[in-house]
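*Asks:* Mind looking at a prediction? Sequence and model below.
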Amino acid sequence: MFICDREKDLLPAWARFVRGVIECPLLQPTASRESIHQDDNFDLVRQALEIQLSEALRDLARDDTPTWRKVVRGHSDIIISWAVSDKDFFDKVEDIVTFRTTRGPLSLPEYLKLSGGGLYYVTRELGSLQEQILAEGRDVPAIEAVWVCVTPFLERYALKHPDVNLVQLDGEAQQLLRPAQESAFAPLLAHYREQGTRVTVSVFKPAEMPAIFLYPHGADLAREAESSMRAGDLPGPLAGLVNEYIERRFGDREELAGMLHLNASSPLIRRLAEPSVSPATRAASLTLIHQFARLFAGRMLSAQDAVSAFAAVTQAMQGLVGP
């Protein structure tokens, strides 16, 4: 008797890509004959199916490597989630599964050849993230870790390979910045601080980017929560819990406003710091740089487009301030 098709609950959660026919007298139809009773036998059959599928995939990995690679790369999200919870399976797929990066799908061995031994990832969709720009500025791709199991997979990989450095770019991009002496850029820093802007001077690539605006990890969520509290959208007890979390997580509320990093390697920034530049020209240029840096922190542009746009702005402003 054919009972039903597309019975997804009978498969283990990681096996949604599997298609086949299940013939089993233990499965009992409902009175309408349109579905299956989810009783103890149903659970037993589901467990048996998981064991059979696991063994079959392990056999495939051992005996038919080309087909196994196609399975892993064709269903990477599911394979990654399974590997995170199964050490033996992780060992089989760690060098095969591919990840979305700023340079297309890459396995971790392929990625490490490009990055020089580090894994750089972002937990938001790849777009105009300035952390992504920083990564590409150092000639390393960024891995997209939006899927919840990607970060645990990368952490397990780094733990297994101690020589691999794992860097989360969104919220921790300061690891790609090098501090610079502030004294040479005192007029620029004074301008921004008079405006109430949190600012510092760093050295980073590419030099075409005169400034970059970074927020701490989780700042977007915290700002949204604060906005909801001010609007009265959160009940009193919940608002208190949210406020307590924000204070514990960030301490200084000013941190939520982000930090403007002036690029000490930028010819434009160095030129604007020179005494010969008039205060009016300097102020106008710095305002424009600040606004563009904030714009690129949220716009969905590619890293290349963002750098190109800022390079065009830099060229136009150099015409104002002189060579």
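*Replies:* Thanks, I have it.

*Asks:* where in the stretch 201-323 of the chain is pLDDT low?
*Replies:* Low-confidence segments of the stretch 201-323 of the chain (pLDDT under 70): 216-256, 297-323.

*Asks:* hang on, isn't Leu11 packed against Val18?
*Replies:* Yes: Leu11 is within contact range of Val18, at 6.0 Å (criterion: Cβ atoms under 8 Å). Bear in mind the C-beta positions are built from the backbone N, C-alpha and C, glycine included.

*Asks:* anything in contact with each of those two?
*Replies:* Residues touching both Leu11 and Val18 by Cβ atoms under 8 Å, 6 or more residues apart in numbering: Leu53.

*Asks:* Going by how many neighbours each has, rank the two and give me the top one.
*Replies:* Leu11 (18 against 14; other Cβ atoms under 10 Å).

*Asks:* ok, which stretches of the chain are strands?
*Replies:* Ranges of strands within the chain are 98-99, 106-107, 118-122, 143-144, 165-168, 178-179, 199-203, 211-214, 259-263, based on DSSP state E.

*Asks:* and Glu7, which of those is closest to it?
*Replies:* Each of the strands of the chain has some distance to Glu7 by Cβ to Cβ; the shortest is strand 98-99, at 29.9 Å.

*Asks:* now that closest one, how far from the chain's geometric center?
*Replies:* 13 Å (Cα atoms, centre = their mean, to the nearest Å).

*Asks:* could you dump the longest helix along the chain to CSV, C-alpha only?
*Replies:* For the chain, the longest helix by residue count, based on DSSP state H, is helix 40-63. C-alpha atoms of helix 40-63 as CSV (Å, rounded to 0.1, in the frame of the first residue of the first chain):
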residue,chain,number,x,y,z
ASP,A,40,7.2,4.3,18.8
ASN,A,41,7.6,2.3,15.6
PHE,A,42,8.0,5.5,13.7
ASP,A,43,10.8,6.6,16.0
LEU,A,44,12.5,3.2,15.6
VAL,A,45,12.4,3.4,11.9
ARG,A,46,13.8,6.9,11.9
GLN,A,47,16.7,5.8,14.1
ALA,A,48,17.3,2.8,11.8
LEU,A,49,17.3,5.1,8.7
GLU,A,50,19.8,7.4,10.3
ILE,A,51,22.2,4.5,11.0
GLN,A,52,21.8,3.1,7.4
LEU,A,53,22.3,6.5,5.8
SER,A,54,25.4,7.2,8.0
GLU,A,55,26.9,3.9,7.1
ALA,A,56,26.1,4.4,3.4
LEU,A,57,27.7,7.8,3.3
ARG,A,58,30.8,6.6,5.1
ASP,A,59,31.1,3.8,2.6
LEU,A,60,30.8,6.3,-0.2
ALA,A,61,33.5,8.5,1.4
ARG,A,62,35.8,5.4,1.5
ASP,A,63,35.0,3.8,-1.8
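
*Asks:* who touches the closest residue to Ala15 other than its chain neighbours in this structure?
*Replies:* Closest residue to Ala15 apart from its sequence neighbours, by Cβ to Cβ, 6 or more residues apart in numbering: Leu53 at 5.5 Å. For Leu53, the contact set (Cβ under 8 Å, 6+ apart) comprises 11-12, 15, 18.
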